[in-house]
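**Q** what follows is a predicted structure for the sequence shown.
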Amino acid sequence: MQAEYVIVGSGSAGSALAYRLAEAGRSVIVIEYGGSDAGPFIQMPAALSYPMNMRRYDWGFASEPEPHLAGRRMVVPRGKVLGGSSSINGMVYVRGHARDYDHWAEAGATGWAYADVASYFRRMEHWHPGGHGGDPSWRGRDGPLHVTRGPWGNPLHAAFVEAGRQAGYPLTEDYNGYRQEGFGPMDRTIWRGRRWSVAHAYLRPALKRANCRLLRGLAQRVVFEGRRAVGVEVARAGRVEVVRAAREVILSASAINSPKLLMLSGVGPAAQLAEHGIEVLADRPGVGQNLQDHLEVYIQYASRQKITLYKHWNLFSKALIGTWWLLTRRGLGASNQFESAGFIRSRAGVEYPDIQYHFLPMAVRYDGRAAAGGHGFQAHVGPMRSPSRGAVSLRSADPGAPPIIRFNYMSEAQDWQDFRAAIRLTREIFAQAAFAPFVDHEIQPGAGAQSDEALDAFIRDHAESAFHPCGTCRMGAPTDGRAVVDPECRVIGVEGLRVVDSSIFPRITNGNLNAPSIMVGEKAADHILARPPLPREERQPWIHPQWRERQR
């Protein structure tokens, strides 16, 4: 079996890449280990907590015990299904801040500054502002990825945004447009009441073309002839075969599996490969390094009024919601319930937001367990640019063995300072008049947790991953000994091989990673096709004019 391009992974970047290559007339094979994304647990937005906790759809990865988080093993959900992690995520759409991409360019990813990538975000978007406003000139209106906003049916969303304003922060009609900083509506990848994953937006349209095929199987390693990648070894139906690439092999297998595949194929830190008896083809010490993620805590309050989603937290109500959604694609089942958002700076001297909020009109965990025995609400809050770095490494040379994942969360003093600030600033927001009719008492951390020591204990025991791993195949200049891919996503030291997914991020972006990952697939397609880049965006988004002196 052969195609011009063989892509490993049908996730956010891989599906976007397959779509653009097939659209250009190139023959493409997409290798995906996971199964179908059909069924209500994936397609119903309100059911988002289910697929990321089901081994049918998730690789089931977990970190090693994290020494700075009381030795807890943190789950690392990654999509093992058509659409990859876009089929199991929370459907929140955040481009990231312009300065994130300027930092990429400054770090050696030439051609990936905000001015370079903005047009790719517009190309991929089909933005529906709803009744919330925003300047459409900053957004795309005819791309394959539908981006919508919630109706704010629950009054707590309006209260959250107003409380932000009362606390002195600006309002923003569109955090993905001119002004990220502030409080306003949340963008989501939901369309006509169902999850709009890349499987819907990109993969299925690509597979309708005769030149794009999907192959189910486990990619075990890249096959080389000399130093050139010529195919992928795939285990399927009880046998192993080589799927050949006439032009290039492209790894879009996630920030966990892409470095694993490189190392299994002989590209990575030479000493580590030798330990597992793997012949070294290219000694790239940066493979698997630079692992980053977002941590967050849930600041929860009991509600005085019985208006939260808790009234639906019973089997009978869930059955009614699910049935109505199946019949109409409407109602509570048609929303992920993340309908309002906030982005703020933790202190004066921080140029652009480094704290993100997801507001939810219920007190509940991502795994679906209610944290309060009654009505409550919460803000998911966490710092966006942790200085801590971890790594993905091989457990063995067996392609079926999960890798060793160490995030090294909270290993820097700055992490603790930023998290304490995030909690205290959040409490200040909930103390505003807009929440006076709703706040009964603080559930967690709890009113007694005021000192640095008490907050640190809460963070240590309760911080959770936001499920945004990235950075393990860092993009940089070819002369950078720690870079894995060059600014055209080509793996340095070999030929015919690229990595195109969130693993190439030099530094984690501000917010959820689905949108930047799709953008990487879109932009990489133009590099692969040797097309001229899209026009640069010469306008600069809003930065607080007194950011050096003021926190808000």
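**A** Sure thing, it's come through.

**Q** going forward, measure contacts and count neighbours with C-alpha atoms only.
**A** OK.

**Q** would you map the helices across the stretch 51-200 of the chain?
**A** For the stretch 51-200 of the chain, the helices defined by DSSP state H, counting those that start in this stretch occupy 98-106, 114-124, 155-166, 198.

**Q** nearest to Asp58, out of those?
**A** Closest approach to Asp58 among the helices of the stretch 51-200 of the chain (CA to CA): helix 198, 16.3 Å.

**Q** next SSE downstream of the closest one?
**A** Sequence order places helix 204-207 as the next helix or strand after helix 198, per DSSP states H and E.

**Q** ok, and what's touching the next helix or strand after that following helix?
**A** Proceeding N to C from helix 204-207, the next assigned helix or strand is strand 212-216, under DSSP H and E. For strand 212-216, the external contacting residues (CA atoms under 8 Å, 6 or more residues apart in numbering) are 18, 22, 27-35, 206-207, 236.

**Q** out of these, which sit inside helices?
**A** Members of the contacts of strand 212-216 lying in helices (criterion: DSSP state H): 18, 22, 206-207.

**Q** flag the shaky bits of the chain, pLDDT-wise.
**A** Scanning the chain for pLDDT under 70 picks out the ranges 366-373.

**Q** check it for me, the residue farthest from its geometric middle.
**A** No residue in the chain sits farther from the centre than Gly226, which is 35.3 Å out by CA atoms, centre = their mean.

**Q** picking up where we left off before, who wins on neighbours among the ones in helices among the contacts of strand 212-216?
**A** Using other CA atoms under 10 Å as the neighbour criterion, Ala18 leads the ones in helices among the contacts of strand 212-216 with 31 neighbours.

**Q** coming back round to it: looking at neighbours, which among the contacts of strand 212-216 is most surrounded?
**A** Ala18 (31 neighbours).

**Q** how near is it to Ile355?
**A** Distance, Ala18 to Ile355, by CA to CA, to the nearest Å: 34 Å.

**Q** again, but for Tyr101
**A** From Tyr101 over to Ile355 (counting by CA to CA), the distance is 17 Å.

**Q** out of these two, which sits in the busier spot?
**A** Neighbours were counted for Tyr101 and for Ile355 using other CA under 10 Å; Tyr101 has more, 27 against 24.

**Q** need the longest helix for this structure.
**A** Secondary structure of the chain per DSSP H: the longest helix is helix 413-430.

**Q** chain center to that helix, what's the gap?
**A** Helix 413-430 has its C-alpha centroid displaced from the chain centroid by 22 Å (CA atoms, centre = their mean, to the nearest Å).

**Q** what angle do it and helix 155-166 make?
**A** 110 degrees (axes from the mean of the first three to the mean of the last three CA atoms, to 10 degrees).

**Q** just checking: what are the partner strands of the helix or strand just after helix 413-430?
**A** Following the chain from helix 413-430 toward its C-terminal end, the next helix or strand by DSSP H and E is strand 439-444. In the sheet, strand 439-444 lines up against strand 295-303 (antiparallel) (DSSP bridges).

**Q** just the residues contacting the partner strand, thanks.
**A** Identification of contacts with strand 295-303 by CA under 8 Å, 6+ apart yields 363, 372, 374-383, 423, 426, 438-445, 459, 462-466.

**Q** again with stretch 413-432
**A** Outside stretch 413-432, the residues that touch it by CA under 8 Å, 6+ apart are 160, 163-164, 166-167, 299, 346, 355, 379, 381-383, 386-388, 410, 439, 452, 455-456, 459.

**Q** CA atoms of that stretch as CSV?
**A** Extracted in CSV, the C-alpha atoms of stretch 413-432 (Å, rounded to 0.1, in the frame of the first residue of the first chain):
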residue,chain,number,x,y,z
ALA,A,413,9.0,28.6,42.6
GLN,A,414,7.3,30.8,40.0
ASP,A,415,4.6,28.1,39.6
TRP,A,416,3.5,28.4,43.3
GLN,A,417,3.6,32.2,43.2
ASP,A,418,1.4,32.3,40.0
PHE,A,419,-1.1,29.7,41.4
ARG,A,420,-1.6,31.6,44.7
ALA,A,421,-2.2,34.8,42.8
ALA,A,422,-4.7,33.0,40.5
ILE,A,423,-6.7,31.7,43.5
ARG,A,424,-6.7,35.1,45.4
LEU,A,425,-7.7,37.0,42.3
THR,A,426,-10.5,34.5,41.7
ARG,A,427,-11.9,35.0,45.2
GLU,A,428,-11.9,38.7,44.6
ILE,A,429,-14.0,38.2,41.5
PHE,A,430,-16.6,36.0,43.3
ALA,A,431,-16.7,38.7,46.1
GLN,A,432,-18.2,41.3,43.7
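
**Q** in the longest helix of the chain, what counts as buried?
**A** Judged by neighbour count using 16 or more other CA atoms under 10 Å, the buried positions of helix 413-430 are 415-416, 418-423, 425-427, 429-430.

**Q** stretch 265-285 now?
**A** 265-270, 272-273, 278, 280-285.

**Q** now swap in stretch 46-63 and tell me
**A** For stretch 46-63, by 16+ other CA under 10 Å, it's 46-54, 56-63.

**Q** on that earlier part again, among the helices of the stretch 51-200 of the chain, which is nearest Arg329?
**A** When those are compared by CA to CA, helix 198 sits nearest Arg329, at 19.1 Å.

**Q** which strands or helices does the closest one pack on?
**A** Counting contacts by 3 or more CA pairs under 8 Å, 6 or more residues apart in numbering; DSSP states H and E, helix 198 packs against helix 12-23.
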